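1. this one's structure only:
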């Protein structure tokens, strides 16, 4: 125990400050003892890593799901926002946000190609069914058969091919091959020899009189695919006087 200094009661102080000083000196050992009894504060814990950025994580998830189209766009936008959100080390996930951008571009581009392929295949199927209908109608309703092909033709096709030439071609196909019953073996590839380039769709058709090859030449008009030419066993609508066009691979002689 520290020694406590006691101010005598009969002590005479000339000034009040002397009495206060004596009292403070008397209480000093007690305050020191009380202060030493208080435990020291615990040491500061080291700061942990910053939290993950939810935006960066969501951006990566959307980019990986980008084959649906819209998720790829969301992944691209959230990836850019995630870079800003994690800048300066405030949050973790900068690498995830950066990776989400090229992944979104790749999955988005793949989605566009897949959608274009599906759309083109459906268009070819629609055009082939229209040709089947026109060949069947040419005997009973030739005008309806001509108009059926006009509706899916490009402006150049409708301008350069007269109704008489189109009707003569349909009648020639009907006379030589009979009516169309079905298709199989679709193959599509670009026709780079044509100017401007066009898409070529080759099908194996089933006619009443036997199999034959059908080639559909397609061109873009805005966002739509239209028919620019059609040939059966190399006999093209747009060829002069119905002369044979270049035969597709695997066509009948």
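-> Nice, thanks for sending it over. As the structure is a computational prediction, the values presented were derived from the model and not from experiment.
2. Give me the phi and psi for residue 233.
-> Per-residue torsions, residue 233: phi 50, psi 40 (degrees, to the nearest 10).
3. Can you report how many residues lie near the residue lying closest to residue 209 once chain neighbours are set aside?
-> In this structure, residue 209 finds its nearest non-sequential neighbour in residue 178, 4.3 Å apart by Cβ to Cβ, 6 or more residues apart in numbering. No exception for glycine: its C-beta is placed from N, CA and C like everyone else's. Other residues near residue 178 number 15, with proximity taken as other Cβ atoms under 10 Å.
4. Can you check the pLDDT for residue 178?
-> Note on residue 178: pLDDT of 90.
5. Okay, domains of this protein per the record?
-> Annotated domains of the chain cover 54-116, 138-242 [automatic domain parsing].
6. center of this structure, which residue is that?
-> Nearest residue to the geometric centre of the chain (Cα atoms, centre = their mean): residue 108, 2.4 Å.
7. wouldn't that residue be in contact with residue 74 here?
-> No: with contact defined as Cβ atoms under 8 Å, residue 108 does not reach residue 74; the gap is 10.2 Å.
8. if we can go back for a sec, tell me the contacts of the residue nearest to the centre of the chain?
-> Applying Cβ atoms under 8 Å, 6 or more residues apart in numbering, we find residue 108 in contact with 66, 69, 72, 73, 76.
9. Low-confidence bits of the chain, can you list those?
-> Along the chain, the model assigns pLDDT under 70 to residues 1-47, 68, 240-253.
10. can you give me the strands for it?
-> 180-191, 198-207, 210-221, 224-232, 235-236 (DSSP state E).
11. now those strands in a markdown table, with mean neighbour count?
-> What follows is these, written out as a markdown table (neighbours: other Cβ atoms under 10 Å):
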| stretch | mean neighbour count |
| --- | --- |
| strand 180-191 | 13 |
| strand 198-207 | 20 |
| strand 210-221 | 19 |
| strand 224-232 | 23 |
| strand 235-236 | 19 |
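12. can I get those in a markdown table with distance to residue 122?
-> Shown next, in a markdown table, are those (distance: least, Cβ to Cβ, whole Å):
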| stretch | distance to residue 122 |
| --- | --- |
| strand 180-191 | 11 |
| strand 198-207 | 12 |
| strand 210-221 | 12 |
| strand 224-232 | 9 |
| strand 235-236 | 24 |
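13. So for residue 90, which of these sits nearest?
-> Smallest distance to residue 90 across those (Cβ to Cβ): 47.9 Å, for strand 210-221.
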